[in-house]
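Asker: Requesting a structural model of the entry that follows:
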Amino acid sequence: MALALAKLLGFVIVSCLCGVLVASFLVPGAALAGTSVSRSISYFNSLPTELAVPAPSQTTRMLTADGKLIATFYSENRVRVPLKQMSPFIRKAVVAIEDSRFYEHSGVDTQGILRALTSNLTRGDRQGASTLTQQYVTNIVNESLISEGREDQVVLSGQKTMGDKLREMRLAMALEKKFTKDQILEGYLNIVFFNRSAYGIEAAAQYFFSLPASRLTLPQSALLAGLVNSPSFYDPVANPKNSLKRRNQVLGEMLKQKMITKKQHDAAVASGVGLKVRPSQQGCAAATMAPYFCDYVTRLFLNNPAYGADTEAREKRLFRGGLTITTTLDSRLQAKAQAQVNATAGANPDRWGASLVTVQPGTGRVLAMAQNTVYLPQPGKFDTQLNFNVDAKDAIGNDLNGAGGFQPGSTMKPFTFAEWLHQGKTMTTVVDASKREYPLGFRWRSSCGKVAGGYSTKQRRAGLETADDLQNASEGYYRKMPADYGLYNSINTATFAEAAQLDFCGIQNMVNAVGLRSGLDGTPIDMHQLGNLLGGTGVAPLTMANAFATFAADGRYCVPVALAGVADMAGKKLPAEVQKCSETVDKNVVRGVNKALQDMLNKGSGIYINPKVQKSVPVAAKTGTNNSNGATWVLGYTTGLATASFFGDALEGQQRPGRNITIKGTHYDRIDGYMIAGPQWANYMLQVARLYPAAAFPKPPASIVSKPAAKPKAPARPAPKPTAKPKPKD
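Answerer: Numbering: from 1, shown residues only. Okay, here's the model as predicted:
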């Protein structure tokens, strides 16, 4: 008897509430008889009616320049789509199971409340009475709290007080006055939670069926519509029986409400679940290509105050802002570069690093960035999250997650040679490469007041440091020779002989003009340290490729660009990296350098690199190896592409010598630039060079070349290509 009275009392209370709602909605300003009813209406009318409806958190996409997906970023995996791009079946199914009177009520369904109460009190059921509009309100409020970092204030459905429900109803009724039914349904289907990997119908369709929402079938739509009531209990992956039963319940409601025919119903009920789950993964670790380039671009974004006042604000924008980030990456080049670095060292149990990075001369656009590692640990794979191709930090201290650069060895020599030409010398001017010692106090020239070796800033000549017993890679080159001959044969003593006649401030200016800097912290390389003439400071491959791109672009230097465009979810363009180029090196100087570096492939230290390259397109290159043979390089370019190829010890600072090692079954006494980095570069360039214009390099003027000097007798060179025990040339 007591239970029956309690149920009756509850029924009466809710009936009164429904009366208040109806009266408030129809005549909100009317003074109704009865003090308690009047007060109830006054309280209800005092509740807020304004509800900001911001776009919910959406997935950010990072794309290549040619529109291919690199990676996605999200806090909630959601892609907003208009109602017309949703299957009609999903629109009908959600209405049928969640709110059959959706197109009849005004935000709050008093009939539904009474029906649910009657069922709950008389039969012990647990029916809800929230309309789709009320559910939409709840989702909007919760989404706003989460986006503001106030997750602790989110109130779940089972925790709502009577006051919470009244506020929800009041807001729902106001929302119905502001938006059409289809706008509310569209908003609801784009915000509702289906799964931790799927927020909104588009993400749910892609996750469970690998389809866009527009192509959902009737049984698929019914399954997803049934899921929103309890995403865990009706999860078709974890609880397929529950899911199937719920799907058929939805189909029954659709038939009952005459949304589908009996034939459609029966065919849908007879079908299986038919899942085709596509696990959603986000971030650079799950990138579809170029995870290290992805990481580089992400850090450029997070370091840029244009996208938020601090890192937290930028992260929020990246993971919740639904941005479209367009990069400079060319997916064609990237695929070839990745395949090549993977093949270079094979199984690679000794974890040697290989990388390729390509820059477009004249624009600075980074077109490819690959290395022979995986981003996350995998059995039998060489894994690291460090990017071999970029700086560890930029010049203002922002973390770029780079390995810190590698000693470039002889690939630094062209910059001294360029300054040699810039200071009025000629390509064929003879230098004394027999000199092997430059003792402390040798009077190097430095006109810019650089303090070195104890000399005052007022002196035009300054002792830098000692250079004792300089070594060339091969015997027989300690003699006089033309400067260009010394460069294309990579003779250390020839480079020092040039530097002995130059102003070191000019060499410094030349290195600065092509953007060379330390790979550790982005600071300029100090060319007043003699070791840097031969590559003593670690430089990142991207920086090296971009420096040589200046030669390829006839003296035009461009700051590297990777982040080409950013647009918000409405398509509005946000700031991105701006192309910054300037003419920094004299064209005639560059043309002289290009001629010498073409000769390097034809008759110099790169003669053993695949000759098909220079036969395919006009190309120039320089090999390089550091003292320990732990860092080997080829920097090669056409007028359309400049590529740095690296092979060596990428993670231990070149402390591990590249000597007495075996790579893919071949033993090397020591590795040199042309041996592994060279073929890696050549095989890659053979595949991609013609994708970008590769014109002939302009010839240097006679004033740069001068008259050909009598060619010195060259020492005997080995005829066959070295295999087992090759002799280094750098």
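Asker: For K245, grab the count of nearby residues.
Answerer: 12 (other Cβ atoms under 10 Å). No exception for glycine: its C-beta is placed from N, CA and C like everyone else's.
Asker: ok, it to G272 distance?
Answerer: 13 Å (Cβ to Cβ, to the nearest Å).
Asker: again with K92
Answerer: 21 Å.
Asker: neighbour count winner among the two?
Answerer: K92 (20 against 8).
Asker: what's the distance between that one and R246?
Answerer: K92 is 16 Å from R246, by Cβ to Cβ.
Asker: Could you do T72 as well?
Answerer: 29 Å.
Asker: same thing with V705?
Answerer: Taking Cβ to Cβ, one finds V705 at 82 Å from R246.
Asker: Settle it for me: which of these two has more neighbours?
Answerer: Neighbour comparison, V705 and R246: the larger count goes to R246, with 22 against 17 (by other Cβ under 10 Å).
Asker: secondary structure element for the closest residue to the more buried one other than its chain neighbours?
Answerer: In space, and not counting its chain neighbours, R246 is closest to G226: 3.7 Å by Cβ to Cβ, 6 or more residues apart in numbering. Assigned by DSSP states H and E, G226 falls within helix 218-227.
Asker: Show me what that helix is packed up against.
Answerer: helix 88-98, strand 193-195, helix 201-209, helix 240-256, helix 262-270 (3 or more Cβ pairs under 8 Å, 6 or more residues apart in numbering; DSSP states H and E).
Asker: got CSV for the ones you listed, with distance to A286 too?
Answerer: Converted to CSV, the helices and strands packed on helix 218-227 look like this (distance: least, Cβ to Cβ, whole Å):
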stretch, distance to A286
helix 88-98, 27
strand 193-195, 17
helix 201-209, 14
helix 240-256, 26
helix 262-270, 34
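Asker: Check these for me and report the most buried one.
Answerer: Ranked by mean neighbour count, the helices and strands packed on helix 218-227 are led by helix 201-209 with a mean of 26 (mean count of other Cβ atoms under 10 Å).
Asker: quick one: S147 and R320, what's the gap?
Answerer: In terms of Cβ to Cβ, S147 sits 6 Å off from R320.
Asker: So if I had to pick from these two, which one is more boxed in?
Answerer: Ranked by neighbour count (other Cβ under 10 Å), S147 and R320 place R320 first, with 23 against 16.
Asker: distance of the more buried one from Q579?
Answerer: On the measure of Cβ to Cβ, R320 and Q579 end up 29 Å apart.
Asker: What of V95?
Answerer: Distance from V95 to Q579, by Cβ to Cβ: 51 Å.
Asker: Kindly report the same for W681.
Answerer: 26 Å.
Asker: Least confident secondary structure element in the protein?
Answerer: helix 2-26 (a mean of 45; mean pLDDT, DSSP states H and E).
Asker: what sits against the nearest residue to G362 once chain neighbours are set aside?
Answerer: Nearest residue to G362 in three dimensions, chain neighbours excluded: A553, at 4.1 Å (Cβ to Cβ, 6+ apart). Applying Cβ atoms under 8 Å, 6 or more residues apart in numbering to A553 gives the contacts 361-362, 639.
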